[in-house]
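1. model the structure of this input:
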Amino acid sequence: MAESTVTFFAEKLSNLILQEASVFGEVEGQIKLLRNELEWMRLFLRDADSKLIYDERVKLWVNQIRSATHDAEDVIDEFILNMGHRKRRLNTLKFLPACVGMVDKLPFIRELDSRVKDINAMIGAIIANRSKYGLEALTASSSSTADQAVSHKEKRAPVVEDSDVVEIIDGAKKVKQMLMMKVETSTRSVVSIVGMGGLGKTTLAKNAYNQRDVQGPFDCKAWVYVSQEFRAREILLAIALQVMSLSDAEKREMGETELGQKLCEFLGEKKYLVVMDDVWSSEVWSRLQPHFPEAKDGSKVLITTRNKEIALHATSSEAFIYELRLMNDDESWRLFLKKAFRGTGTATPTLTTELEELREKIVTKCKGLPLAIVVLGGLLSTKERTKQSREKVLASIEWHLDQGPESCMGILALNYEIDAWHLIKSWLAEGFIQRRGKERLEDITEDYMHELIHRSLIQVADRRVDGRVKSCRMHDLLRDLAVLEAKDANFFEVHEYMDSTFPTSIRRLVIHQNLINHDISQCLHNSSSQMRTLVSFSGTIGRKSWGSLQEHIKLLKVLNLSEEKVDGHVLPRDIGQLIHLKFLCIKGFSSHVRLPSSIGRLVNLQSLDLGANDCNIPHSIWKLKKLRHLECSNCKVSSQSQINKCVNGYLGVEQLTNLQTLALKEGNWLEGYGLGKLTQLRSLALRECSTSYLKEFFESIAKLIVLEILELSFMEGHTKKTLVNRLGSVREKKNVTIDHHNKTLLPGLMPFLHHAYLYNLPLDGKIEKLPKEIEFYPPKLLRLDLWGCKLTDDPMMILKKLPLLQILTLWFDAYVGEKMVCSSRGFLQLERLELCTLNELEELIVEREEQ
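-> Sure thing, here's the model as predicted:
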């Protein structure tokens, strides 16, 4: 980990020397010296990190290097911050001569020169200690070649199969039988899977849950993760969102009781299947049981738990409890070989004396736990096929098992789902991702994620329709080990692992809910370092905290307030001073967030995510040319006044040429066809579309040929006549569809022939008629969502012709006819069909293919 710290900062220095040579001036020589010293240290660190568990001298030496690197990063970042403030100050004093600006710069240059010289001297002393204390033997290991190859391997689809994790065929059959079995004494029954952590309870439950003949008989299904931190409202909301529709207001405002009653009423007439994964206490079932009604005969609730007492409390009979066992030695070894030798072409390697010794160690260490076997096999699969490499991994595992927070026998349950896209953006903001030729940074980051999946360090929780990872999970044992290692390396701190006294040096801080009852600024009072990442899942950062926090967060790169109860005053007016900020996320439950105009000073911002919050974003947002992801679907961008245009120049969306993701409400930012110049855009969501900018919008879409997701939400209240009149002037254009005879409500929407990557198309709003020509639709469309479209003709007659369509959803009167027919000769690839709140539908006919 120390090696990565030095590597990231050395690369950062190299980029700064190229980009900011004029800023560093006479200090450039010292900066280059610092970079060169770091490059040498990085080579020695590559092997030193693996020896930390053996030698305290090595551990001390590595910690000193890491500390010096952090000091150097603070010095450089503070200098850039001060120079940024100086530049803004001089911009307000344009009438002063240039010599005044130079004099103003000298104090910062001198301070930087002095501090970099001190750091170079410190690093020189650290390097000298290698010889002084007998650490010369540390040289780059041969295994580094293999490690480098891993980070640069070709893209591949992640291989994560149930059989890789645990042999569950027999168990899946038995659980399936339990789920299909009718119970005479009850119309709703509970099935439980019991076993210690790491045995594969979740994998077994998923295997049974995903089988078509299990899902078929149930009207609705839901899967929720309960985990140790049980929150009843969140569980009920997660279930409700999978089986019924809720308005934004209901999602935000309904309490536990009201939400539970609404869910109970909905399930009352349904045959339902609900999976509650990882239940830790009997209270969970006692509290949620009233919301699972005795509905249609055969409804089931499937629970996974490590405690049999919980299963007995919820389940009416032991006949509905399936207990997982530990794997025996032969099963453990077969699973290890399958994972360790995956992709080598050697399914069953010859059992040499060396492998026989390895077998004994593996079986002994993993104690029959599938998770431990899979992780160990995954780690060894990436190493060279040498005894030395294997011994290093085994030694590391042994140390973690003996010295870590708990033994393998104490493996905990899987943690919460992590949004993969959110994770990718965070890694980019942290600077963890190194460029690889002309590849897109997001694609490289996905490769890193696939590598972690391949090593079984994280697991895929859900996939998008195109097969890419939508969300992932990390087993609590691995998380505990990762947190322990990160804390030891001063990489980040998680507040649940700290007492009331905070460490004196914090680079990254994560705060969980209900764990801090006092002002966070008081906790950080003794911290001497500058924080780079602040993630809060609590309501601890109020408006009063920001002033005292500022001294500790002025070099912040990542600010994630995912669960904060944000009000309009949380973000201070001077947030623009955080010029190093790259990732800003505010996704708490709030109705409104106000961003100050100083947001336009965040020149390094890559990602702004406001979730479902509504906001009036200042037009200064268009200044942020490094912005890659602007995800504010409920937000409008304010207009730029004519006076502001005269003083500061025109600002428009076309200036954000690096943008990959854009989600906004319609506004005058659509004027002038600037949207069509964002040729790197992969995902576009436009809400509250009216007739005002349809011509500009649809003509711009025609140019965005790398789009993968296009989401359109039309405003209500616009009549057909209004739309047709509005676009009368462009009727002759080929990419405009206006059918006066049939009064098709798709004015301006062009065929998608050239959008070869567009696979997801959600449309919300009145359409009435779909285009009949199959060429109109994206050639690789995998998912189509239609909401409130008021289609009068059966859409299935057209949509059945889409050759690759896998998911089709029709919600909220998407179709207002009385009869719908699903032909046996269509929908060649369809896997999921969702029909919800089609109030006029009386008859649904599904034709069977003739044998």
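2. wait, isn't Val191 in contact with Ser316?
-> No. In this structure, Val191 is not within contact of Ser316 by CB atoms under 8 Å, at 10.1 Å. Heads up, the C-betas are built off the backbone N, CA and C, glycines and all.
3. who's more crowded, those two?
-> Val191 (27 against 12; other CB atoms under 10 Å).
4. so the residue nearest to Gln530 when sequence neighbours are not counted: helix, strand or coil?
-> Distances taken as CB to CB, 6 or more residues apart in numbering place Leu555 nearest to Gln530, at 4.1 Å, with adjacent residues excluded. With DSSP: H, G, I helix; E, B strand; the rest coil as the basis, Leu555 sits in coil.
5. got a list of what Leu555 touches?
-> 74, 77-78, 81, 530-532, 580 (CB atoms under 8 Å, 6 or more residues apart in numbering).
6. pLDDT check: weakest of the residues you listed?
-> Scanning these for pLDDT, the low point is Gln530. It has 76.
7. isn't Asp813 up against Cys836?
-> No. If you go by CB under 8 Å, Asp813 and Cys836 don't touch, sitting 10.1 Å apart.
8. tell me which of these two has more neighbours.
-> Shown here are Asp813 and Cys836; by other CB under 10 Å, Asp813 has more neighbours (18 against 14).
9. from Lys300, how far off is that one?
-> 31 Å (CB to CB, to the nearest Å).
10. how about Asn658?
-> 49 Å.
11. comparing those two, which residue is more hemmed in?
-> Relative neighbour count places Lys300 above the other of Asn658 and Lys300, with 24 against 15, counting by other CB under 10 Å.
12. the strand or helix carrying the more buried one pairs with which strands?
-> For Lys300, the host element (DSSP states H and E) is strand 299-305. In the sheet, strand 299-305 lines up against strand 188-194 (parallel), strand 272-277 (parallel) (DSSP bridges).
13. need those strands in TSV with distance to Lys438, can you?
-> Below are these laid out as TSV (distance: least, CB to CB, whole Å):
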stretch	distance to Lys438
strand 188-194	48
strand 272-277	42
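14. can I get these in JSON lines including mean pLDDT?
-> Listed next are those as JSON lines, based on pLDDT from 0 to 100:
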{"stretch": "strand 188-194", "mean pLDDT": "91"}
{"stretch": "strand 272-277", "mean pLDDT": "93"}
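15. tell me which of these lies nearest to Asn307.
-> strand 188-194 (7.4 Å; CB to CB).
16. run the chain-centre distance for the closest one.
-> Distance of strand 188-194 from the chain centroid (CA atoms, centre = their mean, to the nearest Å) equals 31 Å.
17. then stretch 447-460?
-> The mean C-alpha position of stretch 447-460 is separated from the chain mean by 13 Å, CA atoms, centre = their mean.
18. and that stretch, end to end?
-> Criterion CA to CA, to the nearest Å; first-to-last residue distance in stretch 447-460 is 14 Å.
19. quick check: mean pLDDT of it?
-> 81.
20. sort out which residues of it are buried, please.
-> 447-451, 453-460 (16 or more other CB atoms under 10 Å).
21. could those residues go into JSON lines alongside secondary structure?
-> Output for these, formatted as JSON lines (three-state DSSP):
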{"residue": "Asp447", "secondary structure": "helix"}
{"residue": "Tyr448", "secondary structure": "helix"}
{"residue": "Met449", "secondary structure": "helix"}
{"residue": "His450", "secondary structure": "helix"}
{"residue": "Glu451", "secondary structure": "helix"}
{"residue": "Ile453", "secondary structure": "helix"}
{"residue": "His454", "secondary structure": "helix"}
{"residue": "Arg455", "secondary structure": "coil"}
{"residue": "Ser456", "secondary structure": "coil"}
{"residue": "Leu457", "secondary structure": "coil"}
{"residue": "Ile458", "secondary structure": "coil"}
{"residue": "Gln459", "secondary structure": "strand"}
{"residue": "Val460", "secondary structure": "strand"}
